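> Sharing a model prediction with you, sequence too.
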Amino acid sequence: MKTFTSIAAAVIACSFAAGHAQAAPAAPVKNIVLVHGAFADGSSWAKVIRILQARGYHATAVQIPLTSFADDVAATNRALAAQTGPVILVGHSWGGAVITETGVDPKVVGLVYVAAFGPDTGEVVGDIGKAYPPPPAFTAPIVDKEGFMTLPTDAVVKHFASDLPPDEARVVAATQGPVNVSAFATKVSNVAWKTKPSWYIVSKLDGAIAPDEERFFAKRMKATTTELATSHVPMLSKPNDVAAVIMDAAAKAPH
């Protein structure tokens, strides 16, 4: 009788432990791929990357060339192909259009939009914002003879990165990546946010994309939304808050 009782207790204990093992939450996604926006490069994620790396995440900043939508998509797809395991794909500004297209990759389990475009099928990226007040950052853009656009330093300091110290904002202006204006005539072929869970950071003081336009994108994609009192570059002015949203996505995205 004692032996039977001991065996029964052991079986119950094993079943209890197995049940708890099955109920244990999945470990957070560890691969984070970050896509910068226009007038930037991968270093715009530097502050966020340091935070993510300190927490054990594997972060990759894609260097999209900004020469065309197709080229930016190709660069992002190469970065995704290099990842092992599930990925949280993050896009800032123009990078939102890129992750909308590339986020259908099976490795991608969640999307994070940071003050970013979130186009739907058939929408021209450059036309979506026409329903909103003109962004002050684009009052006097500079377009060269080959069709590449940059922003004047004054526009970057006052409107694009207005919540950064002026000396830091001037560095943003000096290191900006020119974008081919043809990119803004893009229509996406794939819309990843329709099938993947999304998170969205609205920049309430944004001078490059109207905050209400950002809210429109977030609401349409049914994103988990965070609003920050930041300019167009929250990853530089509030990197801890941006990293927190990315880590929330990594913890909650099904995989």
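Perfect, thanks for sending it. Numbers count the residues shown, from 1 in each chain.
> mind checking the SS state of Val33?
Secondary structure assignment for Val33 (DSSP: H, G, I helix; E, B strand; the rest coil): strand.
> What about it, how many residues nearby?
Other residues lying near Val33 total 25 when counted by other Cβ atoms under 10 Å. All C-beta spots, glycine's among them, are computed from the backbone N, C-alpha and C.
> Which residues are in contact with Val202?
The neighbourhood of Val202, defined by Cβ atoms under 8 Å, 6 or more residues apart in numbering, consists of 115, 211, 214-215, 218, 225-228.
> Same list, these, but as TSV with distance to Val98, neighbour count and pLDDT please.
Compiled in TSV, these are given as follows (distance: Cβ to Cβ, whole Å; neighbours: other Cβ atoms under 10 Å; pLDDT from 0 to 100):
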residue	distance to Val98	neighbour count	pLDDT
Ala115	14	30	98
Pro211	21	17	98
Glu214	16	27	98
Arg215	21	15	98
Ala218	18	23	98
Thr225	20	18	98
Thr226	21	18	98
Glu227	23	14	98
Leu228	22	20	98
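> beta partners for the nearest residue in space to Ile246 that is not next to it in sequence?
Leaving aside its sequence neighbours, Ile246 sits nearest to Val112 (Cβ to Cβ, 6 or more residues apart in numbering; 5.4 Å). Beta-bridge partners recorded for Val112 (DSSP bridges): Val90, Trp199.
> Counting neighbours, which bits of stretch 177-185 end up buried?
Buried residues in stretch 177-185, counted by 16 or more other Cβ atoms under 10 Å: 177-181, 183-184.
> So which of these sit within strands?
Secondary structure from DSSP state E places 179-180 of the buried residues of stretch 177-185 in strands.
> Columns distance to Val124 and pLDDT on top of the buried residues of stretch 177-185, output as JSON lines?
Shown next, in JSON lines, are these (distance: Cβ to Cβ, whole Å; pLDDT from 0 to 100):
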{"residue": "Gly177", "distance to Val124": "22", "pLDDT": "93"}
{"residue": "Pro178", "distance to Val124": "21", "pLDDT": "96"}
{"residue": "Val179", "distance to Val124": "15", "pLDDT": "97"}
{"residue": "Asn180", "distance to Val124": "15", "pLDDT": "97"}
{"residue": "Val181", "distance to Val124": "12", "pLDDT": "96"}
{"residue": "Ala183", "distance to Val124": "11", "pLDDT": "93"}
{"residue": "Phe184", "distance to Val124": "8", "pLDDT": "92"}
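> Quick check: beta-bridge partners of Asn180?
Phe148.
> hang on, it packs against Thr67?
Yes - in this structure, Asn180 is within contact of Thr67 by Cβ atoms under 8 Å, at 5.4 Å.
> Run through the stretch 151-255 of the chain and note the low-pLDDT ranges.
Nowhere does the stretch 151-255 of the chain drop to pLDDT under 70.
> so Ile246 makes contact with Leu89?
No - contact criterion Cβ under 8 Å: Ile246 and Leu89 do not qualify, at 10.2 Å.
> quick one: common contacting residues for those two?
Counting by Cβ under 8 Å, 6+ apart, the contacts common to Ile246 and Leu89 are Val112.
> higher neighbour count, those two?
Taking other Cβ under 10 Å, Ile246 and Leu89 do not tie; Leu89 has more neighbours (31 against 26).
> what residues are up against that one?
Per Cβ under 8 Å, 6+ apart, neighbours of Leu89: 33, 35, 76, 80, 99, 102-103, 105, 108, 110-112, 192.
> can we see that at 10 Å?
Neighbouring residues of Leu89 by Cβ atoms under 10 Å, 6 or more residues apart in numbering: 31-35, 62, 76, 79-80, 83, 95, 98-100, 102-103, 105, 107-113, 192, 196, 249.
> what does His36 give?
Contacts of His36 by Cβ under 10 Å, 6+ apart are 42-45, 61-64, 66, 72, 90-95, 98, 114, 177, 235.
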